[in-house]
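K.L.:
sequence first, predicted model second:
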Amino acid sequence: MPATLQQATILIIDDFQGMRTMLREFVRSMGVTKIDTASHGKEALTQLSNVKYDIVICDFNLGAGQNGQQVLEEAKLHNYIGVSTVWVMVTAEKTHEMVMGAAEIKPDDYLLKPINQALLENRLVKQIARKQSLGPIEEAIRSQDYAAAIVRCDEQIKAKVLNPQEILRIKSDLLLTMEDFDGACALFQAVLAIRSVPWAKTGMGKVRFHAQDYAGARDLFQQVLHEHPMYIEAADWLAKTYAALGDATQAQQILSEAVKVSPNSPTRQKLLADTAYRNGALAVAQTAFEKIIRINEFSPHKSPTAYTELARVLSDQASPLEALKVLERSKKDFKYNAHAAIQTAAAESTVYQKMGQDDRAQAAMARAESLWRGYPARSVRRWPST
């Protein structure tokens, strides 16, 4: 992270030329000289993969294709950005669904349109100051030297940086990644001794969960949700804990409430869909799988598995023709994906078998087996999940 805003390398992402020009002129007037722009998600990701930007200013609504949340999600997934990058989301939308969905991907700041230069400059200067201490930590994380990253976290905390809570959260994530649960527990206890914050109490719940103290973990996650109803990560872990306790009905209820609060998480929708299916709540599973397909349309998480699992649910609900329509859509959406073709053919075989059309079922399975024999990764001795 540069010492000043003027030294920063900035990427501006917006589908409107006028807005890109305005934002570029804003940051140019601040003394910034290294400025790139992108008009859509695909172009932005190409640039992010080639250049390490200090600051990204991204509109939430980017027209056709990925939105700003999905661009940020993919940039994180592929490590195009790290903990020291400032990501500012600009939006005209104020819907609860958008705000909660974007918040879970954790941009560093939000700006509601209309914005002006003074506001933007004030936010960027503050974010750069906050991120100053994170560069060395990010370098170690990128090298997967988590022990070194923890040492650098400790160094920054001792230096009395501006953002100790953020560094403590990063350190706690590193400790959990390394499965140093004793170290994580000590960190969370130290934070909670000063004041009750939801991330630390949720972290303690995770430690209890990994220690198989499911009752203790459940109690902590419930406390977090009682004190902070919008802290949705605790709901995910509470559902996971109920599942570990063997109470799948309660796990489904928790997830159903969680998706009302924040419906645009494909991971949460998948947990709900799988849990509901195991519980025999096929209508709930169908709705969740349909939502997954919609929100993943331009997401890095888009997968043929959602289509084949939705087809399975529809087939189980005696709607085989609807199931086949879903599988036809999968063929179009994953036209050049060999793994998807195998999954789809196998799923078609199952649907036809339930319809009593044995000839078509056998033909679909033969097609799946033929594709599997020619599949480049067939050395992986596992049939693709349907």
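P.N.:
Thanks, I have the structure now. Numbers count the residues shown, from 1 in each chain.

K.L.:
any buried residues in stretch 168-181, and which?
P.N.:
For stretch 168-181, burial by neighbour count (16 or more other CB atoms under 10 Å) applies to 168-176, 180-181. The C-beta positions use only the backbone N, C-alpha and C, and glycine is treated the same way.

K.L.:
put together TSV for these, with pLDDT and secondary structure on each row.
P.N.:
Below are those laid out as TSV (pLDDT from 0 to 100; DSSP: H, G, I helix; E, B strand; the rest coil):
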residue	pLDDT	secondary structure
L168	96	helix
R169	95	helix
I170	95	helix
K171	97	helix
S172	97	helix
D173	96	helix
L174	97	helix
L175	97	helix
L176	97	helix
D180	97	coil
F181	97	helix
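
K.L.:
can you tell me which of these lies closest to G356?
P.N.:
L176 (50.4 Å; CB to CB).

K.L.:
check which helix or strand the closest residue to L111 other than its chain neighbours maps to.
P.N.:
Closest residue to L111 apart from its sequence neighbours, by CB to CB, 6 or more residues apart in numbering: V90 at 4.9 Å. Per DSSP states H and E: V90 is located in strand 86-91.

K.L.:
what's that strand packed up against?
P.N.:
strand 55-59, helix 68-77, helix 96-105, strand 109-112, helix 117-131 (3 or more CB pairs under 8 Å, 6 or more residues apart in numbering; DSSP states H and E).

K.L.:
isn't the residue nearest to L111 up against V56?
P.N.:
No. With contacts counted by CB atoms under 8 Å, V90 stays clear of V56, the gap being 10.5 Å.

K.L.:
compare those two (neighbour count), which wins?
P.N.:
Per other CB atoms under 10 Å, whichever of V90 and V56 has more neighbours is V56, with 28 against 23.

K.L.:
how close does the more buried one sit to A8?
P.N.:
Using CB to CB, to the nearest Å, we find V56 at a distance of 10 Å from A8.

K.L.:
cool, and A92?
P.N.:
Applying CB to CB to A92 and A8 gives a distance of 25 Å.

K.L.:
cool, and L77?
P.N.:
24 Å.

K.L.:
more crowded one of the two?
P.N.:
A8 (22 against 11).

K.L.:
next, the contact list for the closest residue to the more buried one other than its chain neighbours, please.
P.N.:
Spatial nearest neighbour of A8, chain neighbours left out: D54 (4.1 Å); criterion: CB to CB, 6+ apart. Contact analysis of D54 by CB atoms under 8 Å, 6 or more residues apart in numbering lists 1-2, 8-10, 84-86, 128.

K.L.:
with just CA atoms, put the host helix or strand of R152 into PDB.
P.N.:
For R152, the host element (DSSP H and E) is helix 146-158. What follows is helix 146-158, C-alpha atoms only, in PDB (Å, rounded to 0.1, in the frame of the first residue of the first chain):
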ATOM      1  CA  TYR A 146       1.000 -18.300   7.600                       C
ATOM      2  CA  ALA A 147       3.400 -18.400  10.600                       C
ATOM      3  CA  ALA A 148       5.200 -15.400   9.200                       C
ATOM      4  CA  ALA A 149       1.900 -13.700   8.600                       C
ATOM      5  CA  ILE A 150       1.000 -14.200  12.300                       C
ATOM      6  CA  VAL A 151       4.400 -12.800  13.400                       C
ATOM      7  CA  ARG A 152       3.800  -9.700  11.200                       C
ATOM      8  CA  CYS A 153       0.300  -9.300  12.700                       C
ATOM      9  CA  ASP A 154       1.900  -9.300  16.100                       C
ATOM     10  CA  GLU A 155       4.500  -6.700  15.000                       C
ATOM     11  CA  GLN A 156       1.800  -4.400  13.700                       C
ATOM     12  CA  ILE A 157      -0.300  -4.700  16.900                       C
ATOM     13  CA  LYS A 158       2.700  -3.900  19.000                       C
END
